[in-house]
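Peer 1: Whatever this is, show me its structure:
(one chain, ligands or ions: 1)
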Amino acid sequence: MTESTPLAVELRGITKRFPGVVANKDIELRVARGEVHAIVGENGAGKSTLMKTLYGMHRPDEGQILVDGREVHLRSPNDAIAAGIGMVHQHFMLADNFTVLENIVLGSEPTKGGRLDRATARRRITEISDSYSLGLEPDALVEDLGVGDRQRVEIAKVLYRGATILILDEPTAVLVPQEVDELFGNLAELKREGLTVIFISHKLDEVRKVADSITVIRRGTTVGTADPATTTARQLAEMMVGAELPTPVTRDSTVRETPVLRISHLTVPGGAGSRAVVDDVSMTVREGEVVGIAGVEGNGQSELIDAVLGLRLPTAGTVLLGEEEITDWSTRRRREGGVGFIPEDRHRQGMLLDAPLWENRILGHQTRPPAVKGAFIDRRAARTDTSRIMREYDVRAPGPNTPAVALSGGNQQKLIVGREMSASPRVLLAAHPTRGVDVGAQSVIWELLKDARAEGLGILLVSADLEELIGLSDTLHVMLRGKLVATVDPRQVTPEVLGGYMTGGHENAPAGAA
Ligand SMILES: Nc1ncnc2c1ncn2[C@@H]1O[C@H](COP(=O)(O)OP(=O)(O)OP(=O)(O)O)[C@@H](O)[C@H]1O
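Peer 2: Numbers count the residues shown, from 1 in each chain. Presented below is the predicted three-dimensional model:
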């Protein structure tokens, strides 16, 4: 790089403190114009805080932000956008019942005589779509789009606002392998056009494949940069955590005869007049068995889990827990009867963000120890047990009185897993149990699930992480448009083949499938 080409982004000595925590400490980041730059680090290392600072959502306590060599003061995302910085969040923020065009312009509509100037908007969107090969259809309804397309709409929305520096927060977490390849194709295109991409990821192999350079953050501070061409995933992990990579998966079957969960012909209706979201689904989970469900998000997996948990009413079919039919039971009774639950959206279902960790520890388990003593909430026992979970599950936070909102995403997830496992469930409904957790914590959670399985726990596992599904499952079903469309052998299937079934590329199970 010559003196005459300033860096697209330079962060000098960025420090950001929250009460009791230094989230970022003296961070240095140098991102060249036109490169794809990855940020990696274990849970709670400070990646999101740093990106939020760069997007104007946090004000740094110390340090400087330079864009194209000039210092900027970002007080809000609007300031960031004005400086050419856009962010694509992990949870898409699109309005389902609007078209692609409407979603893209929402908030920055071109107007003509006070009304939306559709012609101008359409022209610009087509230009953006063509220049970066995004393949957008401006009039399609967002609710009809798959995950990969929705992500491209989010990217287009940011480009529409004139961003030349894009921040992507764990963009591949929700994608199947084919979609990941497409996204990487899109990123290459953005790069070719001179745009700069900064992205956060926990998937080190992917990072090595797509990034031009990598910055590693550990415990709030930059520990170094790595060249993806010459650094292995193991070396990266060691820079991040100083720990070993996950151990290879053990394949000894622990499946016993006794069924713990039997779902028969379960059907859950969709909205008024639409087709069933869970359509005549039958499956059995036995003691010591992990039954995985692969599927592109939105194909009925969440509704299936909700129905087993009693959060949604089926119109047909039955659910048995052990020998007991629980189809009409309340959620609370199911939970007390031994159904554990790791929700896919921890902010909506799994946590009270403003409440302290100890309250979150007893959430959903209020009727049994350590939550109660007689008729009262036993705060002291709840706090003590929360501290135990924090130790055993490596939840990094100041203490049991810390509010959940102050934890990084991965640490919140570890607390939920610890809470659910502590209730010794008979069957665990696990939706994306390691989403957002780093490689070290992921291997810890996998080991815990495997140990529990060996002791007889039955697990119904929904995950978008195909390595996880293949690695943990004893039986693996594929769900598409509400139906189970294939059952594959996890010891033989590859992520690519699985991705094919998930997107409807194969209509039938292969010969030899279970
Ligand atoms: N709003 C907040 N209030 C208090 N502390 C916070 C807040 N946001 C983050 N923190 C703390 O800052 C630290 C860094 O968190 P951050 O979310 O940036 O980590 P991360 O690297 O993105 O982690 P993950 O991979 O788990 O998402 C953590 O200790 C977290 O508990």
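Peer 1: so who does the residue lying closest to Ser330 once chain neighbours are set aside touch?
Peer 2: Nearest residue to Ser330, sequence neighbours excluded (C-beta to C-beta, 6 or more residues apart in numbering): Gly310, at 5.9 Å. C-beta: built from backbone N, CA, C; applies to glycine. By C-beta atoms under 8 Å, 6 or more residues apart in numbering, Gly310 lies in contact with 326, 329-331, 333-334.
Peer 1: do Arg379 as well
Peer 2: Taking C-beta under 8 Å, 6+ apart as the test, what Arg379 contacts is Trp358.
Peer 1: redo that, cut-off 10 Å
Peer 2: Neighbouring residues of Arg379 by C-beta atoms under 10 Å, 6 or more residues apart in numbering: 356, 358-359, 362, 370-371, 373, 400.
Peer 1: Closest to Pro60 out of the contacts of Gly310?
Peer 2: Closest approach between the contacts of Gly310 and Pro60, by C-beta to C-beta: Thr331, at 43.2 Å.
Peer 1: ok, now how distant is the residue nearest to that closest one when sequence neighbours are not counted from Leu480?
Peer 2: Take Thr331 and drop its neighbours on the chain: the residue closest to it by C-beta to C-beta, 6+ apart is Gly310, 4.0 Å away. Distance, Gly310 to Leu480, by C-beta to C-beta, to the nearest Å: 25 Å.
Peer 1: do Ile389 as well
Peer 2: Distance from Ile389 to Leu480, by C-beta to C-beta: 37 Å.
Peer 1: Looking at these two, which is more packed in?
Peer 2: Of the pair Ile389 and Leu480, Ile389 is the one with more neighbours under other C-beta atoms under 10 Å, namely 22 against 19.
Peer 1: returning to what we had before: counting only helices, which of the contacts of Gly310 make the cut?
Peer 2: 331, 333-334 (DSSP state H).
Peer 1: Restricted to buried residues, select those residues in ChimeraX.
Peer 2: Buried subset of the ones in helices among the contacts of Gly310, written as a ChimeraX selection, criterion 16 or more other C-beta atoms under 10 Å:
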select :334
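Peer 1: could I get the ones in helices among the contacts of Gly310 as TSV with pLDDT and distance to the ligand?
Peer 2: As requested, the ones in helices among the contacts of Gly310 are exported to TSV (pLDDT from 0 to 100; distance: C-beta to the nearest ligand atom, whole Å):
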residue	pLDDT	distance to the ligand
Thr331	93	28
Arg333	93	34
Arg334	95	30
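Peer 1: Close to the ligand: what parts of the stretch 1-150 of the chain are there?
Peer 2: Selection of the stretch 1-150 of the chain residues close to the ligand by C-beta under 6 Å from any ligand atom yields 18, 21, 23, 41, 43-49.
Peer 1: Now, the residues you listed that are in strands?
Peer 2: Residues of those located in strands (DSSP state E): 18, 21, 23.
Peer 1: domain ranges for this protein?
Peer 2: Domains of the chain are assigned by automatic domain parsing as 9-241, 246-338+425-514, 354-418.
Peer 1: need these in JSON lines with distance to Asp345, can you?
Peer 2: Putting the domains of the chain into JSON lines (distance: least, C-beta to C-beta, whole Å) gives the following:
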{"stretch": "domain 9-241", "distance to Asp345": "8"}
{"stretch": "domain 246-338+425-514", "distance to Asp345": "8"}
{"stretch": "domain 354-418", "distance to Asp345": "11"}
